[in-house]
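1. 3D model of this:
(one chain, ligands or ions: 1)
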Amino acid sequence: MRLLSVRLIVSLILGIALVSSGFSYYEVLGEKRALRSDVERRDEILGESLVGNVERSWNAGSDKELKRLVQRFGNREHLLGVAIYDRQGALVAVTPELEKTLTVSPPPVTQAITLGHEESSFVRLGTLPVHILALPIRRQDEVLGGLAVVHDVSYIRAQILLVWRQTFFRVLAQVFLIVLITLLIVRWSITGPIARAALWMRALRTGKISFRQEVPDHLDMFRPLAREVATMAESLSHARNAAENEARLREAGESMWTADRLSVQLRTRLDDSHLFVVSNREPYMHQRNGKVLDVVVPPSGLVTALEPVLNACDGTWIAHGSGNGDAEVVDAHDRLRVPPEDPRYSLRRVWLTKEEEEGYYYGFANEGLWPLCHIAHTRPLFRAADWQYYQDVNRKFTAAVLEEIENVAKPVVLVQDYHFALLPRLIKEKRPDARVAIFWHIPWPNPEAFGICPWQRQLVDGLLGADLIGFHIQSHCNNFLQTVDRVVESRVDWEHFSVLRQDHRTMVRPFPISVAFTGDDAAENNNHGFNYLDRSALMRGLGVEATFMGIGVDRVDYTKGILERFLAIERFLEKYPSYQGKFTFVQIGAPSRTHIKRYHDLLAEVEAEAERINWRFQGGKWKPIVFLKRQHSHQEIEPYYRAADLCLVTSLHDGMNLVAKEFLAARQDEQGVLILSQFTGAARELRDALLVNPYDIDQTAEAIRAALEMEPEDKQLRVQRMRKVIKEHNIYRWAGNLITELCEVRLDAPEDMQEKSRARVSVA
Ligand code: G6P
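-> Numbers count the residues shown, from 1 in each chain. Predicted coordinates for the structure are as follows:
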């Protein structure tokens, strides 16, 4: 740094001195030129006025008069005198001071006599610099001699030296001031911020601050750099944690799943192959808002769960490009690398027309299959036109998958959810060498309930194209196998939980999905420096004052039991009035599928219900329910999870429900109580939650009271046990088990495959 400053100063001095001297040189030159031309002008005026008198006296033959004339010009300011010569150059008359030096005519006079016109030049008389103006003396046209006006110009040199001296001091002052100002500017605007940035980076590196924290304002000029550094710090911290974790696991001989273990596992299992995930919802949507292109992570349990898997193994995720700016960022093959901040895998976007989206997504998937599979008393709607679009879109996605796996030997394809029941068979028909699994993220109802779907046979048949079908829990597997038994020609093997249909075997297994929790608090410490005592600050931010806080996080969906939850809160406040003014419930509700009337109406109902209950109880700065009606990022939700006394998950029916697991993962303090609906898949694993029947309003109200009054030791024990469960059954284990199981499936023998393909061709 010191060497740098010396170099900077020396270069500044040299640079400024050079530039300043260059300018001064031209200035001095100009000054010299001006002084010289002043002398020339003055001599010219004098010479011209004198030559007339000289000519008259010469013609009158008066030598006396000539001498008198020349004597008059001695001793004037810088004027040395005048001299008169005859035609041969002999001196006729001269100012006495010049008598000795101008005995012979100087060259300008000789030239003026010879050429017959005025001559002017700067010459030296001995050592003295002078200016001589020579004029011819005439009688009519005849040149009789010459007149010389001689000026001492040594003062010009003195003057120039003075200017140089002044210039020197000016340059010196300039150099000093400019160097000083530059150094101050550099210190204020460069070295100062660099030093601060270095401090910030050190804090980041040593983990004193989180890399998820926003870059501080005073580092504004380094923002792009700082972001890169934060990303680097994040990767570094992950690598460090992974290494530590690995060592810890080896030490403890534990069989815990981490991102790194999953990626090693996938590399060995997949061999040279690649993992392809297909889902309707994409992990990142690009939304164009005027000039800004925002990146949005949609509220979806499926996205929350799968993102860490893709991050761990650099696969390809094929999904519907539903953002209005999605098409702007893809390459010629509709692909892009994500996550945008730190690309780790490929996203292939599939485009749907408005009609396709309407029929397949809103219609068949969400007005038909969603209520069909969730027993939540919303009637499924089955329209033939929607079914047609569902088939078309399944074919469209099949084409995209086939394109992606075209040059991949033995690809592994994980199809996701109820949007793509037909995909497994469609893919296997074209690529029998592909290993295909489908994971059904929502419940599978009993065969009677499923039986109302007019196309149940086609759906089940499509699913049975897969090598492996996954559900969250065993009872969904059982329901599915019973449905298969009733609907299609096949052999269900209850002992091995598989189905044999048309010589193809499909395994059916439970894989409880989870979150990316490894129990490594350092790795998961993304609390933005949030302190548990900040609860009141969090509440103040919402404009509320309360002693106790509850949290609920859901898509606003009729399966989530949000209205039932609000009724339970009302009942609780009614039954235990001492909590009025003290307990506030924060409901984060992401509007979802609002294009469907049922969802649109529900959003209004939830809002109205919160308002009704608030109106009934609120007072002063307190109100019972804060409804935050917008999608929140995981980072925004985290402080609420950490600050809450309890978390309410009251789904009327839910495949798994990851909010329950996210809440526990966030509770490093081992406090807080989870109230969980017994109708969620999560209730099978999280036995230490306060399990409730969400339809039983009184029971949920009691659970709220029990949660608020539970002893801290009891809370700790429960949270500890549940955190252990999700740590051991995290998303890496889910993916690891699913893929291991899929890779162990014996694919049909190649001859059989050829046979089947031939059969298909002949049928076609
Ligand atoms: C459930 C489904 C997912 C879906 C998510 C969000 O979790 O199982 O497939 O992505 O809800 O719903 P959306 O319709 O917005 O994708």
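
2. pLDDT on whichever helix in the chain runs longest, on average?
-> Using DSSP state H to define each element, the chain has its longest helix at helix 2-59. For helix 2-59, the mean per-residue pLDDT is 84.

3. The helix or strand just after it versus helix 2-59: what angle between them?
-> Using DSSP states H and E, the helix or strand that follows helix 2-59 towards the C-terminus is helix 63-71. Relative orientation of helix 63-71 and helix 2-59, computed by axes from the mean of the first three to the mean of the last three C-alpha atoms, to 10 degrees: 160 degrees.

4. what packs against helix 63-71?
-> The contact analysis (3 or more C-beta pairs under 8 Å, 6 or more residues apart in numbering; DSSP states H and E) places helix 63-71 against helix 2-59, strand 79-86, strand 91-94. From N, CA and C alone the C-beta is placed, and that goes for glycine too.

5. Between the ones you listed, which one is closest to the ligand.
-> helix 2-59 (54.8 Å; C-beta to the nearest ligand atom).

6. Mind giving me the packing neighbours of the closest one?
-> With 3+ C-beta pairs under 8 Å, 6+ apart as the test, helix 2-59 has helix 63-71, strand 79-86, strand 119-125, strand 128-139, strand 142-152, helix 154-186 packed against it.

7. Now with 10 Å, please.
-> When contacts are defined as 3 or more C-beta pairs under 10 Å, 6 or more residues apart in numbering; DSSP states H and E, helix 2-59 sits against helix 63-71, strand 79-86, strand 91-94, strand 119-125, strand 128-139, strand 142-152, helix 154-186.

8. How many residues are close by the residue of the stretch 51-200 of the chain found nearest the ligand?
-> Scanning the stretch 51-200 of the chain for proximity to the ligand using C-beta to the nearest ligand atom identifies Trp200 as nearest, at 37.5 Å. Neighbourhood size, Trp200 [other C-beta atoms under 10 Å]: 22.

9. Which pLDDT value belongs to it?
-> Looking at Trp200, its pLDDT reads 79.

10. Pull up the gap between the most centrally placed residue in the chain and Ser120, please.
-> In the chain, the residue lying closest to the centroid (C-alpha atoms, centre = their mean) is Glu341, at 5.4 Å. Distance of Glu341 to Ser120, computed by C-beta to C-beta, to the nearest Å: 80 Å.

11. now Trp58
-> Distance, Trp58 to Ser120, by C-beta to C-beta: 22 Å.

12. between these two, who's got more neighbours?
-> The residue with more neighbours, out of Trp58 and Ser120, is Trp58; 23 against 17, by other C-beta under 10 Å.

13. Surely the more buried one is in contact with Lys67?
-> No: using C-beta atoms under 10 Å, Trp58 makes no contact with Lys67, being 11.9 Å away.

14. any residues in contact with both of those two?
-> Counting by C-beta atoms under 10 Å, 6 or more residues apart in numbering, the common neighbours of Trp58 and Lys67 are Ile84, Val92, Ala93.

15. Give me whichever of the helices and strands packed on helix 2-59 is most buried.
-> strand 79-86 (a mean of 24; mean count of other C-beta atoms under 10 Å).

16. Next, the angle strand 142-152 makes with that one.
-> 160 degrees.

17. just for the protein, where's the confidence low?
-> The model of the chain has pLDDT under 70 over residues 1-4, 74-75, 207, 210-215, 219, 241-242, 244-254, 272, 521-533, 749-764.

18. Show me which residues of it are close to the ligand?
-> Arg281, Pro298, Ser300, Gly301, Leu302, Asp417, His441, Ile442, Arg555, Ser592, Arg593 (C-beta under 6 Å from any ligand atom).

19. How about the contacts made by the closest residue in space to Leu372 that isn't next to it in sequence?
-> Spatial nearest neighbour of Leu372, chain neighbours left out: Pro380 (4.2 Å); criterion: C-beta to C-beta, 6 or more residues apart in numbering. Residues in contact with Pro380, defined by C-beta under 10 Å, 6+ apart, are 364, 366-374, 449, 452-453.

20. just Asn366 next, same as before
-> Residues near Asn366 by C-beta under 10 Å, 6+ apart: 280, 360, 380-381, 386, 418-419, 557, 592-593, 595-596, 598-599.

21. wouldn't Trp257 be in contact with Gln265 here?
-> Yes: Trp257 is within contact range of Gln265, at 8.5 Å (criterion: C-beta under 10 Å).

22. Test my guess that Thr547 contacts Thr584.
-> Yes: with contact taken as C-beta under 10 Å, Thr547 and Thr584 are classed as touching, separated by 8.8 Å.

23. Could you check how far Thr650 is from the ligand?
-> Going from Thr650 to the ligand by C-beta to the nearest ligand atom, to the nearest Å gives 16 Å.

24. Which residue, other than its chain neighbours, is closest to Asp534?
-> Ala643 (6.6 Å).

25. How much space separates Asn324 from the ligand?
-> According to C-beta to the nearest ligand atom, Asn324 and the ligand sit 16 Å apart.

26. swap that for Val338, please
-> In terms of C-beta to the nearest ligand atom, Val338 sits 17 Å off from the ligand.

27. Pretty sure that residue sits against Asp314.
-> No: the pair Val338 / Asp314 is not scored as a contact, 11.1 Å apart, by C-beta under 10 Å.

28. Give me the common contacts of these two.
-> Residues touching both Val338 and Asp314 (C-beta under 10 Å, 6+ apart) are Arg344, Tyr345, Ser346.

29. Got phi/psi on the first one?
-> The phi and psi torsions at Arg344 (degrees, to the nearest 10) take the values phi -130, psi -20.

30. residue contacts, it?
-> Going by C-beta under 10 Å, 6+ apart, Arg344 touches Ser235, Glu307, Leu310, Asn311, Ala312, Cys313, Asp314, Gly315, Arg337, Val338.

31. Could you grab the helix/strand/coil label for the first one?
-> Pointing back at Ser235 there. What DSSP: H, G, I helix; E, B strand; the rest coil gives for Ser235 is helix.

32. In three-state terms, label the nearest residue to it once chain neighbours are set aside for me.
-> What sits nearest to Ser235 in space, not counting adjacent residues and going by C-beta to C-beta, 6+ apart, is Asp342, at 7.1 Å. Following three-state DSSP, Asp342 is assigned to coil.

33. What's the separation between Tyr576 and Glu609?
-> Distance of Tyr576 to Glu609, given as C-beta to C-beta: 20 Å.
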